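> Here is a sequence with its predicted model. Questions after.
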Amino acid sequence: MGGLSQYVAKLTCLALLTVVTMIFLGKQLHYEAYSTHVNYSLDAPPTSHLIGRLPTTSLSAFNVLGYGNTSLMTRMDTPREEFEFIIHPRNNSCNDGAFGKRALWSMIVCVKSNIKNAKRRNIIRRTWGAQKLLQAVRLVVIFVVGKDDRMNRTEIDKEQKRYGDLLQIGIKETYTNVGWKVLAGMQWVQTNCQSDWFYSSADDDMMPDLRKVYGEIQNQMDGDHFENTPIICQNSLRSNEGPIRDKRYRNSVPYEHYSKDSYPSFCTGGFYSMPASMSNAIYQVSRYHNYFYNDDVWVTALLRLSAVDAGLVWCINVTDQFCAIAKFNGGSVQHAFCNEKIMSDKLSNVYPPPYKPK
């Protein structure tokens with residue numbers, strides 16, 4: 001019996017060693033593919049972009065579960081042109097070293113905001129957006145806006161001169177153009193921020209508890225491999241939801257565009273976080289797909305799986321539709337549902353001026 005026990009113990013140790021080796025090699029292969037296709041290191045902004053066709057992994061969830069076969073997610077042979085910005089954030093906020101030495105890590109939040117919503121932007125600036133260093137985390141907030149020809153240009157110029165935190169792109173302010181703002185923010189972050197930052201996307205009527213936001217990010221961080229942290233749905237995670245087919249609704253999706261009955265799991269677009277290296281990869285992959293106005297689904301579900309399929313985002317099980325997204329059902333952020341008074345009152349209670357962290 002003693003000999004048999006020793007034999008079983010040796011087999012168990014050998015099996016564990018094999019699994020650890022496979023995981024290590026998988027990560028090494030992923031890093032090689034990452035640097036080959038994206039051509040930048042983890043300690044510097046990217047200097048070049050994907051050229052030509054995207055690579056593909058036949059056994060990924062993107063292909064096995066059929067998401068890549070839908071008309072919506074058919075890949076283009078050449079990438080879409082990049083955005084041209086009308087207004088840039090002043091002084092390249094990501095390179096501001098004022099808090100760098102005191103911060104354990106840094107996060108930039110790209111807030112999708114209608115150009116008319118100056119009041120909401122001001123509420124954010126004086127509450128959670130003013131927490132430049134909290135719990136040893138450095139925070140930078142920029143507002144991504146479109147254009148409205150009916151609005152006086154002087155107003156937006158004055159706002160930018162005072163705060164210097166606007167990123168404006170030349171698209172009209174419409175419901176179906178919101179997704180372009182997400183990609184524009186990702187493009188700016190890719191060019192201006194280090195890839196070891198954290199990236200978050202937010203609506204301008206969200207009320208985050210930054211302590212909880214930072215706490216959940218730190219819970220999900222992958223130790224020595226910061227860039228492998230999954231997407232975190234700070235507001236809520238949705239699963240087994242399908243497209244609306246009724247054409248009477250503005251967010252209906254024709255069957256010929258997306259033929260599947262459900263979407264992969266996705267974050268509601270109010271507030272979600274991911275490593276900047278992942279947002280860089282998702283942005284690059286997005287340039288090979290036709291635009292889909294539902295940025296919640298497009299970015300955190302379909303483009304996420306497409307980036308995994310292309311080998312640009314690491315995942316231990318590429319066949320899993322939860323690959324690279326955390327099974328965390330939010331709660332760090334509340335929705336004000338466009339009610340600016342509620343938003344102002346609640347946020348002012350959490351972040352009273354002058355705010356002093358507990």
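Done, it's in. Residues are numbered from 1 along each chain as shown.

> now the strands: where do they sit in this structure?
Listed in chain order, the strands of the chain (DSSP state E) span 85-87, 105-112, 133-134, 137-147, 166-172, 198-203, 206-208, 232-233, 237-238, 266-267, 271-275, 333-335.

> Wait, R304 touches P230, no?
No. Using CB atoms under 8 Å as the test, R304 is too far from P230 to be in contact (9.1 Å). For the C-beta atoms, the positions are set from N, CA and C on the backbone; glycine is no exception.

> Pull up the overlap in contacts between those two.
Common neighbours of R304 and P230, using CB atoms under 8 Å, 6 or more residues apart in numbering, are A324, I325.

> Next one: C323 from M278, what distance?
Using CB to CB, to the nearest Å, C323 is found at 12 Å from M278.

> All the helices of the stretch 1-150 of the chain, residue numbers only.
2-38, 61-64, 118-126 (DSSP state H, counting those that start in this stretch).

> need the contact list for the closest residue to V253 other than its chain neighbours.
Once flanking residues are discounted, V253 sits nearest to P243: 3.7 Å by CB to CB, 6 or more residues apart in numbering. P243 makes contact with S252, V253, Y258, Y263, according to CB under 8 Å, 6+ apart.

> Neighbour count: R304 and P230, which is higher?
R304 (32 against 23; other CB atoms under 10 Å).

> ok, back up a step: pull out the buried residues from the contacts of P243.
Among the contacts of P243, those classed as buried by 16 or more other CB atoms under 10 Å are V253, Y258, Y263.

> residues in contact with the second one?
Right, the one you point to is Y258. T70, S71, L72, P243.

> On the pLDDT front, check the last one for me.
Here, the pLDDT recorded for P243 equals 93.

> count of neighbours near I115?
A count of nearby residues for I115, using other CB under 10 Å, gives 19.

> OK, contacts around the residue lying closest to it once chain neighbours are set aside?
Spatial nearest neighbour of I115, chain neighbours left out: V145 (4.3 Å); criterion: CB to CB, 6+ apart. For V145, the contacting residues are S113, N114, I115, I156, L166, L167, Q168, I169, E173, K181, by CB under 8 Å, 6+ apart.

> Report the beta-bridge partners for V145.
Beta-bridge partners for V145, by DSSP bridges, are Q168.

> one step back: format the buried ones among the contacts of P243 as CSV; extra columns: distance to G223.
CSV is the format used below for the buried ones among the contacts of P243 (distance: CB to CB, whole Å):
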residue, distance to G223
V253, 39
Y258, 37
Y263, 31
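
> List just the nearest of those to M76.
Proximity to M76 was ranked across the buried ones among the contacts of P243 by CB to CB; first place goes to Y258, at 16.8 Å.

> Phi, psi for the closest one please.
Dihedral angles of Y258 (phi, psi; degrees, to the nearest 10) stand at phi -140, psi 110.

> low pLDDT regions in the stretch 51-200 of the chain?
Applying pLDDT under 70 to the stretch 51-200 of the chain flags residues 51-53, 91-93, 96-100.

> follow-up on the earlier one: from the contacts of P243, pick the one nearest I87.
Nearest to I87 among these, with distances taken as CB to CB, is V253, at 32.4 Å.

> I figured that closest one hits I244, correct?
Yes. V253 sits in contact with I244 when judged by CB under 8 Å, with a separation of 6.5 Å.

> Pull up the gap between the residue lying closest to C315 once chain neighbours are set aside and T57, please.
Distances taken as CB to CB, 6+ apart place C323 nearest to C315, at 3.9 Å, with adjacent residues excluded. For C323, the distance to T57 (CB to CB) stands at 11 Å.

> And S195, by the same measure?
For S195 relative to T57 (CB to CB), the value is 22 Å.

> So the two - more neighbours on which side?
Legend: neighbour count by other CB under 10 Å for S195 and T57, higher for S195 (24 against 16).

> Okay, now the unreliable bits of the stretch 201-350 of the chain?
For the stretch 201-350 of the chain, the stretches with pLDDT under 70 are 224.

> if we can go back for a sec, what about the residue nearest to C315, distance to G66?
Distance of C323 to G66, computed by CB to CB: 15 Å.

> Between these two, point out the one with more neighbours.
C323 (23 against 12).

> Test my guess that that one contacts D309.
No. Counting by CB under 8 Å, C323 does not reach D309; the two are 9.5 Å apart.

> Leaving out the residues flanking it, which one is nearest to Y293?
Once flanking residues are discounted, Y293 sits nearest to T176: 4.1 Å by CB to CB, 6+ apart.

> actually A336, not the one I typed
Per CB to CB, 6+ apart, closest to A336 is M343, 3.8 Å.

> which residues touch the one you found?
By CB under 8 Å, 6+ apart, the neighbours of M343 are R120, I123, D205, M207, A336.

> Just give the closest residue to the third one, not the sequence neighbours.
Leaving aside its chain neighbours, D205 sits nearest to A336 (4.5 Å; criterion: CB to CB, 6+ apart).

> Could you double-check that the one you found sits in contact with I342?
Yes. Counting by CB under 8 Å, A336 does reach I342; the two are 5.2 Å apart.

> And the helices in the stretch 201-350 of the chain, which stretches?
For the stretch 201-350 of the chain, applying DSSP H, counting those that start in this stretch gives helices covering 210-220, 276-286, 295-297, 304-309, 340-350.

> Right, I'll leave it there.
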